[in-house]
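*Asks:* Have a look; sequence and predicted model below, questions after that.
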2 protein chains.
Amino acid sequence: MTETMIHPGPLAVGDDVADRLFRTARTTSQFTDEPVTDEQLEAAWGLAKFGPTAMNTLPLRVLVVRSAEACERLAAHMNDGNKDRVLGAPVSLVLAADPAFHEHLDYLFPAVSGVKEQLAPAVEAREAMARKSALIQAGYLIVGLRAAGLAAGPMDGMDFDGADAEFFGETGWKSLLVVNVGHAEGEGTSYPRGPRLSFEQVTEVL
Amino acid sequence: MTETMIHPGPLAVGDDVADRLFRTARTTSQFTDEPVTDEQLEAAWGLAKFGPTAMNTLPLRVLVVRSAEACERLAAHMNDGNKDRVLGAPVSLVLAADPAFHEHLDYLFPAVSGVKEQLAPAVEAREAMARKSALIQAGYLIVGLRAAGLAAGPMDGMDFDGADAEFFGETGWKSLLVVNVGHAEGEGTSYPRGPRLSFEQVTEVL
């Protein structure tokens, strides 16, 4: 990484944390054999669950793919370049959105009563709401996994409809992406880090 | 917060960091008068930009709304309960997706040549891709703002089409949400923290 890629701005966390969560963290595809415990995944969720979502809907759901048989089933729905990544990871997580999130709203969002009933017939609106907040939560969870000491390798290239039919026929969850999780072998990837856009390139100021 | 809401799992960051970024951080709507500097926003982006996106597309864009006049223009597109929140924040960020992200791909994703040209005619696909990765990046940025010592108040209730017509007629950016940014007055909110779903409630294991 060139020095200019790290902006020396004021941070409220240490360099070690900034590096672990963002600056030197990499999309990992090469993992050691060290297993990932349920406790570690739960620790990551124990952070990510606090990230804000619209109306506290928390629509992100996670299919934890652990067994060899389940990994083969998931790999069958991945694009070619991603199949081996699933098979080589200790655990793969299918991150999904739950359009039936409204079932939990009496508990999650008691401030406004009747939202659950209002949303019940609005299937398309629920699916869009679920997808939107769940993707934001995917960002929280990737950071949360790293904060729990794990390496994460998110992947977008897959047959989403095929995976939904295979895994989510009963729940109605909608797959969004797959994240391979484990401990990195070396840097965890043989690719050089891609460049990034600068603050000036992504902002307009009014 | 009840004790049971914080799971004592193994973390690779300190409790202070876990609290600042997730566990005690709140959606902030009450800010002090302390200004937010460009350097602080740039520091947040300096972290969030490293979060992974599909094909390193980095489609998140940010309209920084600072001037009193611009805040009034933005507030006009917010739902009633959110107007005062924009007017009371030192800075509001309109997070948006840029469907023209492909223009940067020769630089951002040199591993595969020709992607820029392939995507150029695929307007709808580009918009969906931009929206998906930009929402994940919104998650990174909210954490990044907190890591830069700022309080964040994301809001979903607004007239997105109206805001796009007002602010993004030339760029074609698509607004996703607004994040008020500043320094929290007290806890930054008068609402009690909402409950969260447990690991068991959001996962299935295979």
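*Replies:* Received it, and whenever you're ready, just let me know what you need. Numbering: from 1, shown residues only, chains lettered A, B, ... in the order given.
*Asks:* By proximity to chain B, which residue of chain A wins?
*Replies:* In chain A, the residue that lies nearest chain B is residue A:139 (1.9 Å; Cβ to the nearest Cβ). C-beta: built from backbone N, CA, C; applies to glycine.
*Asks:* ok, that residue touching residue B:133?
*Replies:* No. Counting by Cβ atoms under 8 Å, residue A:139 stays clear of residue B:133, with 9.8 Å between them.
*Asks:* returning to what we had before: list the contacts of the residue of chain A closest to chain B.
*Replies:* The contact partners of residue A:139, by Cβ atoms under 8 Å, 6 or more residues apart in numbering or on different chains, come to A:51, B:51, B:135, B:136, B:137, B:138, B:139, B:140, B:142, B:143.
*Asks:* How about residue A:182?
*Replies:* Contacts of residue A:182 (Cβ under 8 Å, 6+ apart): A:28, A:31, A:32, A:34, A:36, A:89, A:90, A:91, A:150, A:151.
*Asks:* So residue A:62 belongs to a helix, correct?
*Replies:* No. Applying DSSP: H, G, I helix; E, B strand; the rest coil, one finds residue A:62 to be strand, outside a helix.
*Asks:* Can you tell me, leaving aside adjacent residues, what's nearest to it?
*Replies:* Spatial nearest neighbour of residue A:62, chain neighbours left out: residue B:203 (4.7 Å); criterion: Cβ to Cβ, 6 or more residues apart in numbering or on different chains.
*Asks:* Okay, the one you found and residue A:89: tell me how far apart.
*Replies:* Here the distance between residue B:203 and residue A:89 works out to 17 Å (Cβ to Cβ, to the nearest Å).
*Asks:* So between the two, which is more surrounded?
*Replies:* Higher neighbour count among residue B:203 and residue A:89: residue A:89, with 25 against 17, using other Cβ atoms under 10 Å in any protein chain shown.
*Asks:* how much space between the more buried one and residue B:202?
*Replies:* 20 Å.
*Asks:* On the three-state scheme, the nearest residue to residue A:111 once chain neighbours are set aside is what?
*Replies:* Counting by Cβ to Cβ, 6+ apart, residue A:111 lies nearest to residue B:191, which is 7.1 Å off, once chain neighbours are set aside. For residue B:191, the assignment made with three-state DSSP gives coil.
*Asks:* If we ignore the residues flanking it in sequence, what's nearest the residue of chain A closest to chain B?
*Replies:* In space, residue A:139 is closest to residue B:139, 1.9 Å off (Cβ to Cβ, 6+ apart).
*Asks:* Residue A:205 too?
*Replies:* In this structure, residue A:205 finds its nearest non-sequential neighbour in residue B:64, 4.4 Å apart by Cβ to Cβ, 6+ apart.
*Asks:* what about that neighbour, neighbour count?
*Replies:* 18.
*Asks:* Quick one: residues contacting the spatially most central residue of chain A.
*Replies:* Geometric centre of chain A, nearest residue: residue A:138, 3.3 Å, by Cα atoms, centre = their mean. By Cβ under 8 Å, 6+ apart, the residues touching residue A:138 are A:60, A:95, A:154, A:176, A:177, A:179, B:135, B:136, B:139.
*Asks:* So what sits opposite the residue nearest to residue A:205 in the bridge?
*Replies:* residue A:205, residue B:93 (DSSP bridges).
*Asks:* Quickly note the distance from it to residue B:156.
*Replies:* Distance of residue B:64 to residue B:156, given as Cβ to Cβ: 19 Å.
*Asks:* now do residue A:66
*Replies:* Distance from residue A:66 to residue B:156, by Cβ to Cβ: 34 Å.
*Asks:* go on, residue A:20?
*Replies:* According to Cβ to Cβ, residue A:20 and residue B:156 sit 30 Å apart.
*Asks:* So the residue nearest to residue A:111 versus residue A:93, what's the distance?
*Replies:* Here the criterion is Cβ to Cβ. By it, residue B:191 lies 31 Å from residue A:93.
*Asks:* between those two, who's got more neighbours?
*Replies:* residue A:93 (27 against 12).
*Asks:* is it true that the more buried one touches residue A:66?
*Replies:* No. Judged on Cβ under 8 Å, residue A:93 makes no contact with residue A:66 at a distance of 10.0 Å.
*Asks:* Near residue A:79, how many other residues are there?
*Replies:* By the criterion of other Cβ under 10 Å, residue A:79 has 11 neighbours.
*Asks:* contacting residues for it?
*Replies:* A:157, A:158, A:159.
*Asks:* hmm, 7 Å instead?
*Replies:* A:157, A:158 (Cβ atoms under 7 Å, 6 or more residues apart in numbering or on different chains).
*Asks:* now swap in residue A:88 and tell me
*Replies:* residue A:31.
*Asks:* can you check residue A:194 too?
*Replies:* Residues near residue A:194 by Cβ under 7 Å, 6+ apart: B:56, B:108, B:109.
*Asks:* Please go through these and note which also touch chain A.
*Replies:* B:56, B:108, B:109 (Cβ under 7 Å from any Cβ of the partner chain).
*Asks:* In helices, which of these appear?
*Replies:* residue B:108 (DSSP state H).
*Asks:* Including distance to residue B:24, pLDDT and neighbour count, could the ones next to chain A among the contacts of residue A:194 go into JSON lines?
*Replies:* Shown next, in JSON lines, are these (distance: Cβ to Cβ, whole Å; pLDDT from 0 to 100; neighbours: other Cβ atoms under 10 Å in any protein chain shown):
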{"residue": "B:56", "distance to residue B:24": "33", "pLDDT": "97", "neighbour count": "21"}
{"residue": "B:108", "distance to residue B:24": "35", "pLDDT": "96", "neighbour count": "21"}
{"residue": "B:109", "distance to residue B:24": "38", "pLDDT": "94", "neighbour count": "20"}
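*Asks:* quick one: which of the ones next to chain A among the contacts of residue A:194 is nearest chain A?
*Replies:* Closest to chain A, out of all of these and judged by Cβ to the nearest Cβ, is residue B:56, at 4.0 Å.
*Asks:* Let me see the contact set for that closest one.
*Replies:* Residue B:56 sits in contact with A:194, B:108, B:109, where contact means Cβ under 7 Å, 6+ apart.
*Asks:* Buried residues of the longest helix seen in chain A, list them for me.
*Replies:* Of all segments of type helix in chain A, defined using DSSP H, the longest is helix A:123-147. If you call a residue buried by 16 or more other Cβ atoms under 10 Å in any protein chain shown, then helix A:123-147 has these buried ones: A:126-127, A:129-147.
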